[in-house]
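Enquirer: Need coordinates for the below:
(one chain, ligands or ions: 1)
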Amino acid sequence: MSSTDIKTEVEAFLTAHWDSEARRPREGATRDWMQKVFEAGWAVASWPREWFGRGLDKDESKIVLSAFRKAKAPGAGQDRTNITAASLMNFASDEDFKREILPQLLTGKVQICLLYSEPGAGSDLAAIRTRAERQGDDYVINGQKVWTSGARTADYGLLLARTDWDVPKHQGISFLVCPMRQPGIDIRPINQITGDSHFNEVFIDNATVPAKNRIGAEGEGWKVLQTALAVERLIMGEGAGERRQGSSKSNVVSLIAIAKEAGKLQDPLIRQKIAQATAYRQLNALNIARAKEEMAQGSSSPIMSLGKLAMSRILHTDAAVMTQILGAASMLDGEAHERAADVNYRTANAYMTSIGGGTDQIQRNIISERVLGLPREVELDRDVPFRTSRAVTG
Ligand SMILES: Cc1cc2nc3c(=O)[nH]c(=O)nc-3n(C[C@H](O)[C@H](O)[C@H](O)COP(=O)(O)OP(=O)(O)OC[C@H]3O[C@@H](n4cnc5c(N)ncnc54)[C@H](O)[C@@H]3O)c2cc1C
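Expert: Okay, the predicted model is just below:
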């Protein structure tokens, strides 16, 4: 099939089924649309036909993506953006499991949460102590996870668990797709200072995961995780989490509009701060475009850490400038002053990006070691059997 044929076919598909003016399917709901895109093979055009794709090469896939972008239609390009599906496709070895779960992931029928962090294992994620023990065709899981976003609505959790305690910490970890709705899993919401409740504690007591749900070889979960984390950082670099839970208001609020509203637009100091904050945002947008291009080439480059670090700085800077514009009014809150309430929310919420997916300090470590080539941070327990490390012995 030539490039022209692909372009003709994908455009005909979009014209027949998608109303680009109204940005919705011509018939049915978004869910039906995702199913149609999946069945036509456009969701993961670069994957082989026997694996729900079309076997297209990189340039041909770009034709599909650009047609979808032009029509403002969702669903294509998931071979790059749907990290769970891509990890499963690349690393899961059980074909039946892949055939069962990939269609659900690619049509958005299931929700996933990330069961990574534990009390005592956040920045040093390789120190996890949740254990997975093989019993027949299953793994039996015991332990505790924390800060699990979206656990209450998730169908599956991507679970990091220790399968071998006698090798160094990065080598004994396995990556499992854990069904969330089962008796051994107890989810307790955590209330945040903002009033939101994104995260949860997850207590795991003899939960089971079929062995076929393992992604990658036993003990090689760390490798799978690296790709998943890179994508999470890219998403956070694009400015995730700037709005209050349940709010439909736009994420990006104009500093100029707030200054105008407060009668401070002529204040030279405020003008300088606004210019600086705007320049950060523009630079970050360019950096993200660069990271996306690298990802399109198939790399999980540490450049994504730059975008996330920049977004953390942008959110804190924006909130500080907003507070400065409001002055004493920023001490008000709630219905008494909706603008102040919004600014105060942003001040507290900026910490989500500077902690989630790896803290600012950890991003700086990654940049210094992997981008700038500085010496690795000293890690005394890196090469000793995990059982004898301080994470276990205290
Ligand atoms: C919005 C958000 C969403 C999240 N969602 C999830 C999720 O869905 N699933 C999940 O598993 N987890 C999730 N997390 C947890 C997140 O990944 C961890 O909070 C994060 O990795 C930090 O770990 P910690 O909280 O244990 O802090 P710690 O690792 O205890 O760090 C404490 C402080 O010490 C600093 N520090 C630690 N080590 C170093 C070092 N080597 N060099 C310099 N400074 C260091 C840190 O920067 C930090 O300031 C989420 C967190 C947030 C904020």
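
Enquirer: rest of the way, CA atoms for contacts and neighbours
Expert: Noted.

Enquirer: my guess is Arg346 meets Ala319, correct?
Expert: Yes: the pair Arg346 / Ala319 is scored as a contact, 5.9 Å apart, by CA atoms under 8 Å.

Enquirer: Ranking helices and strands of this protein by mean pLDDT, which lands last?
Expert: Lowest mean confidence among the helices and strands of the chain (mean pLDDT, DSSP states H and E): helix 221-237, at a mean of 73.

Enquirer: Can you name the element that comes right after it?
Expert: Per DSSP states H and E, the first helix or strand lying C-terminal to helix 221-237 is helix 255-261.

Enquirer: Mean confidence (pLDDT) on that next one, please.
Expert: For helix 255-261, mean pLDDT rounds to 93.

Enquirer: Residues of the protein that sit close to the ligand?
Expert: By the rule CA under 6 Å from any ligand atom, the part of the chain lying against the ligand is 113-117, 121-124, 147-149, 352, 355-359, 361-362.

Enquirer: If we use 5 Å, what do you get?
Expert: Proximity of the chain to the ligand is confined to 114-117, 122-123, 147-149, 352, 355-359, 361 under the rule CA under 5 Å from any ligand atom.

Enquirer: Identify the residue spatially nearest to Lys58, adjacent ones excluded.
Expert: Nearest in space to Lys58, with sequence neighbours left out and distances taken as CA to CA, 6 or more residues apart in numbering, is Ser46 at 7.0 Å.

Enquirer: List phi and psi for that neighbour.
Expert: phi -80, psi -10 (degrees, to the nearest 10).

Enquirer: mind listing what it touches?
Expert: Counting by CA atoms under 8 Å, 6 or more residues apart in numbering, Ser46 touches Gly53, Arg54, Gly55, Leu56, Asp57, Lys58, Ser61, Asp79.

Enquirer: Now for the first one, which secondary structure element holds it?
Expert: For Gly53, there is no host helix or strand (DSSP H and E).

Enquirer: What's the local residue count around the closest residue to Ile190 other than its chain neighbours?
Expert: Leaving aside its sequence neighbours, Ile190 sits nearest to Asn200 (CA to CA, 6+ apart; 5.1 Å). Neighbour count of Asn200, defined by other CA atoms under 10 Å: 20.

Enquirer: what's across from Asn200 in the sheet?
Expert: Pro189 (DSSP bridges).

Enquirer: so how far is Pro48 from it?
Expert: 38 Å (CA to CA, to the nearest Å).

Enquirer: What of Lys260?
Expert: Going from Lys260 to Pro48 by CA to CA gives 55 Å.

Enquirer: next one: Cys178
Expert: In terms of CA to CA, Cys178 sits 27 Å off from Pro48.

Enquirer: So for these two, which sits in the more crowded spot?
Expert: Comparing Cys178 with Pro48 by other CA under 10 Å, the one with more neighbours is Cys178, at 26 against 13.
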